[in-house]
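K.L.:
Build me a model from this:
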Amino acid sequence: MKVLVATEKPFAAIAVDGIREGIENAGFELELLEKYSSKEELLAAVANADGLIIRSDKVDAEVLDAAKQLKVVVRAGAGYDNVDLAAATSHGVCVENTPGQNSNAVAELVFGLAVMAVRNMYDGTSGTELKGKKLGIHAFGQVGRNVARIAKGFGMEVSALDPYCPDEVMKEAGVEPIHSIEELYRNNKIVSLHIPATDETRKSVGYDLIILMPKNGVLVNTARKEVINEDGLQKALRERPDLKYVADIKPDNAADLEAEFAGRVFFTPKKMGAQTAEANINAGIAAANQVVAFLRDGIDRFRVNK
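P.N.:
Residues are numbered from 1 along each chain as shown. Alright, predicted model coming up:
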């Protein structure tokens, strides 16, 4: 059986070595498609693949139609909105993610962005410290829990909103459970977004929430750009000159925001949350192990489609 690693943004070389070792030691063939520049390349490469490992690469109905032998897709990372789950299910393809492998890398980036924001983007003027400030975590999954852990080291007061996480889990981490989204935004100087992009959450964070933030509030987004209502964000920033927005995901209206709110917004040039050697290796090797487990033993512990 053949496993295809299709990555427009390739894994680090050391991660590829680990993936290769895991796949070939299981008796499977490995094929690499790196830095591909057209969808046609992906369609051709996936035609005879039994397993597929991806990063942020899109797997839609057209890709699945071309993948006649495909049995499993593993997204090396937590988010999987780049895979058409309904189409995968209709094609009989298992889709998995690798939760937790990138979580510390993303959490550390949260504080890289937050420190830059409260220090006025390092423009030479006097800023503030994170110590003693209130941090609200919007979704308390693997990344959110790592954010809480690091925030404690900064001496921050931490609360979180997550209807799918028991209060006891938050309390054990020293985090105050919040049950109102308005309260989360109203009471925290810094809010860190970690919600996935779903039908329910797309454009869910907009003017009505952002405008509630305290004076000199900072919204940090290392989740997905799709969860932000960009028109609402722009309106809130316009009405509240004290607010800042920093993100790992460049919004569609980035040029307008940067022109109008210079010194108050910052976006990484590409998604950087998982761009560390450690996260690269962890997620890649986890993906390889999961592909092998599924193809060899039918294990689908991290399946995200039904």
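
K.L.:
show me where the stretch 51-200 of the chain has strands.
P.N.:
With DSSP state E, counting those that start in this stretch as the criterion, the stretch 51-200 of the chain has strands at 51-54, 72-75, 94-97, 134-138, 157-161, 176-178, 190-193.

K.L.:
Sorry, slip of the keys, the one I care about is the stretch 201-306 of the chain.
P.N.:
According to DSSP E, counting those that start in this stretch, the strands that the stretch 201-306 of the chain contains are 218-221, 244-247, 265-267.

K.L.:
Which stretch among those strands is buried most, on average?
P.N.:
strand 218-221 (a mean of 26; mean count of other C-beta atoms under 10 Å). Where you see a C-beta, it was placed from the backbone N, CA and C, and this is true even at glycine.

K.L.:
that older thread, now the strands of the stretch 51-200 of the chain as CSV including mean pLDDT, distance to residue 104 and mean neighbour count?
P.N.:
Below are the strands of the stretch 51-200 of the chain laid out as CSV (pLDDT from 0 to 100; distance: least, C-beta to C-beta, whole Å; neighbours: other C-beta atoms under 10 Å):
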stretch, mean pLDDT, distance to residue 104, mean neighbour count
strand 51-54, 98, 21, 28
strand 72-75, 98, 18, 28
strand 94-97, 98, 16, 24
strand 134-138, 98, 15, 26
strand 157-161, 98, 17, 23
strand 176-178, 98, 22, 17
strand 190-193, 98, 14, 27
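
K.L.:
Turn those strands into TSV, columns for distance to residue 296.
P.N.:
Compiled in TSV, the strands of the stretch 51-200 of the chain are given as follows (distance: least, C-beta to C-beta, whole Å):
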stretch	distance to residue 296
strand 51-54	10
strand 72-75	11
strand 94-97	13
strand 134-138	38
strand 157-161	38
strand 176-178	41
strand 190-193	38
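
K.L.:
Would you mind saying which of those lies nearest residue 117?
P.N.:
Across the strands of the stretch 51-200 of the chain, residue 117 has its closest neighbour in strand 190-193 (8.1 Å, C-beta to C-beta).

K.L.:
So which of the strands of the stretch 201-306 of the chain is nearest residue 105?
P.N.:
Closest approach to residue 105 among the strands of the stretch 201-306 of the chain is made by strand 218-221 (14.8 Å; C-beta to C-beta).

K.L.:
Please report the number of neighbouring residues for residue 301.
P.N.:
Counted with other C-beta atoms under 10 Å, the neighbours of residue 301 add up to 8.

K.L.:
any idea how far it lies from residue 289?
P.N.:
Look at residue 301 and residue 289: by C-beta to C-beta, to the nearest Å, they are 11 Å apart.

K.L.:
What of residue 7?
P.N.:
Distance of residue 7 to residue 289, given as C-beta to C-beta: 17 Å.

K.L.:
Please say which of those two ends up with more neighbours.
P.N.:
More crowded of residue 7 and residue 289, by other C-beta under 10 Å: residue 7, with 21 against 18.

K.L.:
burial of the closest residue to the more buried one other than its chain neighbours, as a residue count?
P.N.:
In space, and not counting its chain neighbours, residue 7 is closest to residue 55: 5.1 Å by C-beta to C-beta, 6 or more residues apart in numbering. Other residues within reach of residue 55, judged by other C-beta under 10 Å, total 21.

K.L.:
give the contact list for residue 55.
P.N.:
Residues in contact with residue 55, defined by C-beta atoms under 8 Å, 6 or more residues apart in numbering, are 7-9, 11, 75-77, 274, 283.

K.L.:
Which of those are buried, as a ChimeraX select command?
P.N.:
Paste this into ChimeraX to select the buried members of the contacts of residue 55, with burial taken from 16 or more other C-beta atoms under 10 Å:
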select :7,8,11,75,76,77,274,283
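
K.L.:
Which one of the contacts of residue 55 is nearest to residue 132?
P.N.:
Among the contacts of residue 55, and counting by C-beta to C-beta, the member closest to residue 132 is residue 274, at 30.2 Å.

K.L.:
Relative to residue 52, how far out is the residue nearest the centre of the chain?
P.N.:
Centroid-nearest residue in the chain: residue 223, 4.5 Å away (criterion: C-alpha atoms, centre = their mean). Residue 223 sits 24 Å away from residue 52, going by C-beta to C-beta.
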